[in-house]
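J.: missing the sequence, but the structure's below:
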């Protein structure tokens, strides 16, 4: 596994005082791997379940400093909409692909995160947890060879932070 640096807020983005939170879809292999990488941080790891709007409102009520997650696109969109209403913005979006992930949309200042996700190849769920500062022991993922079927096309990785 490639060691990924912890995220630093880019210039012009407020570094919120709240803690980072990992959100994952337990139905996705990439989501389960994100959860495994972040499992050492109890309370900072939330499985997507139930009504997504209520889930997002409850999550954002705690005013986290950063939310990183892996979910299906519909869930990511709903969470992003609720986050926008609460004064947050999506800063990065990644799509799971065969053998790794592709950084689709990284806002100015967050491009290094996109490069880190792409460089991590099949270990991108673990790299996302590491970049959010919530990775447990560096046990690594299943590697690029085993990642060929890692929810290709259905898993989205995303990062939401307080809007500037």
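T.: Yep, it's here. Quantities reported herein were computed from a predicted structural model and do not represent experimental measurements.
J.: What ranges does this structure have for its strands?
T.: Along the chain, counting by DSSP state E, strands occupy 20-24, 45-47, 66-71, 88-97, 100-106, 156-162.
J.: what about residue 87, neighbour count?
T.: 12 (other CB atoms under 10 Å). C-beta here means a position set from N, CA and C on the backbone, and glycine is covered the same way.
J.: Nearest spatial neighbour of it, chain-adjacent residues omitted?
T.: residue 163 (5.6 Å; CB to CB, 6 or more residues apart in numbering).
J.: Tell me the bridge partners for residue 47.
T.: With DSSP bridges as the criterion, residue 47 is bridged to residue 24.
J.: my guess is it meets residue 22, correct?
T.: No - the pair residue 47 / residue 22 is not scored as a contact, 9.8 Å apart, by CB atoms under 8 Å.
J.: Need the residues touching each of these two.
T.: Counting by CB atoms under 8 Å, 6 or more residues apart in numbering, the contacts common to residue 47 and residue 22 are residue 35.
J.: Comparing the two, which residue is more hemmed in?
T.: In this view residue 47 and residue 22 are compared by other CB under 10 Å, and residue 22 has more residues nearby, 27 against 15.
J.: contacting residues for that one?
T.: Contacts of residue 22 (CB under 8 Å, 6+ apart): 34-35, 38, 41, 44-46, 67-69, 129, 132, 134.
J.: Point out where the chain drops to low pLDDT.
T.: Where the chain drops to pLDDT under 70, the residues are 1-18, 40-43, 97-104, 111, 114, 133-153.
J.: how about a cut-off of 90?
T.: Counting by pLDDT under 90, the chain shows low-confidence ranges at 1-20, 30, 37-44, 65-66, 91-157, 163-164.
J.: Determine the angle, from 0 to 180 degrees, between the helix ranked longest in it and strand 66-71.
T.: In the chain, taking DSSP state H as the definition, the longest helix is helix 73-85. On the basis of axes from the mean of the first three to the mean of the last three CA atoms, to 10 degrees, helix 73-85 is oriented at 160 degrees to strand 66-71.
J.: List the contacts of helix 73-85.
T.: With CB under 8 Å, 6+ apart, helix 73-85 has contacts from 23, 25, 48, 52-53, 55-57, 59-60, 67, 69, 71, 89-90, 93, 154, 156, 158, 160, 163.
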